[in-house]
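K.L.:
Let me see the structure of the following:
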Amino acid sequence: MKRARVRGIVDSRTFQHCVTAVIVVNAVTLGCETSPYLLEHYGRLLHFLDRTALVVFIAELSLRLYAHRLAFFRDPWSCFDAIIVGISLLPASSGMSVLRALRVLRALRLISVVPSMRRVVAGLLTAIPGLVSITALLGLILYVAAVIATRLFSGADPEHFGDLGESAFTLFQIMTGDGWSDIARPIMAAYPWAWVYFLLYILVSTFVVLNLFIAITVSAMEPQVLGDLQEGLDQLERREQSSDALVLEELRRLRAEIADLRATVHGTPGQPDGPGGDGPLVPSAR
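P.N.:
Alright, predicted model coming up:
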């Protein structure tokens, strides 16, 4: 009985909202610690809030582990929360000072406590196989284009296309749209036809392959969105059914009250109207 009560508490919306508030406050606190001014004037308060948030997270995970027992480890989001909090418990000595910076990972717990974020991440995880294929395709296109660019433009621009690595990095920069014209124009001055190469590369890598990432991600999110819509429709239908049931129950209650009033005013059907049952009582004339 006690375990069921704890389970009801940790699974309640109020408890989840409180945990979400603590996560947000902790994320803001960790951001404030990056400011030398705030750290100098409010360092003790910031450290106190950080340690308090860590204690709250440990207590929350302990309650969830007690309430759900082994089912806690079968939930991937619970394991995610345990790993994030566990990283914060590692000693941040001089040799492991990077672990202190990893405390900000606690802000990622918002993903597990906010249902909409969970659905987005779940959709992205289902898109991983398709994204891996597109990434391999993009890598192949980048490799082929880098080999061609190195052979064609290494003499005109050895800084950007001197070897295969430089060419691949330059083409990746062009794919992101970062200053690609500043790279292409000097080469076009030496090779006027070079615009054909850059045009085809940008069309294939940026406008085709990168948009495939968006298409696959949207396709993976579609079942999540449809599931949310269906869940909303089911909830609306249940509310309507519950509302109809309440209306019918109210009508029955009103009918019962009207019947009671009629019985009170006119007498209960079948009940004799007087002591002898021969009619209503009439006072005798004196």
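
K.L.:
Look up which helix or strand the residue nearest to residue 56 when sequence neighbours are not counted falls in, please.
P.N.:
If the residues on either side of it in the chain are set aside, residue 56 comes closest to residue 22, at 5.1 Å by C-beta to C-beta, 6 or more residues apart in numbering. In this view, the C-beta of every residue, glycine as well, is placed from N, C-alpha and C. According to DSSP states H and E, residue 22 maps onto helix 13-32.

K.L.:
OK, contacts around the residue nearest to residue 56?
P.N.:
Contacts for residue 22 were tallied using C-beta atoms under 8 Å, 6 or more residues apart in numbering; they are 53, 56, 57.

K.L.:
and the gap between the last one and residue 21?
P.N.:
Spelled out, it's residue 57. Relative to residue 21, residue 57 is positioned 12 Å away (C-beta to C-beta, to the nearest Å).

K.L.:
out of those two, which sits in the busier spot?
P.N.:
The residue with more neighbours, out of residue 57 and residue 21, is residue 57; 22 against 11, by other C-beta atoms under 10 Å.

K.L.:
Tell me which other helices or strands the helix or strand hosting residue 87 touches.
P.N.:
Using DSSP H and E, residue 87 falls within helix 76-89. Contact here means 3 or more C-beta pairs under 8 Å, 6 or more residues apart in numbering; DSSP states H and E; on that basis helix 76-89 packs against helix 36-68, helix 110-113.

K.L.:
Repeat the analysis, applying 10 Å as the threshold.
P.N.:
Under the contact definition 3 or more C-beta pairs under 10 Å, 6 or more residues apart in numbering; DSSP states H and E, helix 76-89 sits against helix 36-68, helix 71-74, helix 98-101, helix 110-113, helix 115-126.

K.L.:
now the first one, how far from the centre of its chain.
P.N.:
Pointing back at helix 36-68 there. Mean-position distance between helix 36-68 and its chain equals 22 Å (C-alpha atoms, centre = their mean, to the nearest Å).

K.L.:
Just want the angle from it to helix 13-32.
P.N.:
For helix 36-68 against helix 13-32, the angle by axes from the mean of the first three to the mean of the last three C-alpha atoms, to 10 degrees is 150 degrees.

K.L.:
If you compare the directions of helix 36-68 and helix 76-89, what angle comes out?
P.N.:
Angular relation of helix 36-68 and helix 76-89 on a 0 to 180 degree scale: 130 degrees, by the same axes, to 10 degrees.

K.L.:
And the average pLDDT for helix 36-68 is what?
P.N.:
Helix 36-68 shows a mean pLDDT of 88.

K.L.:
Quick check: which ranges of this structure have low pLDDT?
P.N.:
Scanning the chain for pLDDT under 70 picks out the ranges 1, 91-102, 224-225, 227-230, 232, 242, 244, 267-286.

K.L.:
longest helix of it?
P.N.:
helix 210-266 (DSSP state H).

K.L.:
where's it relative to the chain centroid, distance-wise?
P.N.:
Distance of helix 210-266 from the chain centroid (C-alpha atoms, centre = their mean) equals 25 Å.

K.L.:
Who are the packing partners of that helix?
P.N.:
Contacts defined by 3+ C-beta pairs under 10 Å, 6+ apart place helix 210-266 against helix 115-126, helix 128-153.

K.L.:
Next, the angle helix 115-126 makes with the longest one.
P.N.:
In terms of direction (the same axes, to 10 degrees), helix 128-153 departs from helix 115-126 by 60 degrees.

K.L.:
which other residues reach the helix or strand just after helix 128-153?
P.N.:
Later in the chain than helix 128-153, the nearest helix or strand by DSSP H and E is helix 158-161. Outside helix 158-161, the residues that touch it by C-beta atoms under 10 Å, 6 or more residues apart in numbering are 146, 148-155, 166-171, 173-174, 182-184, 186-187.
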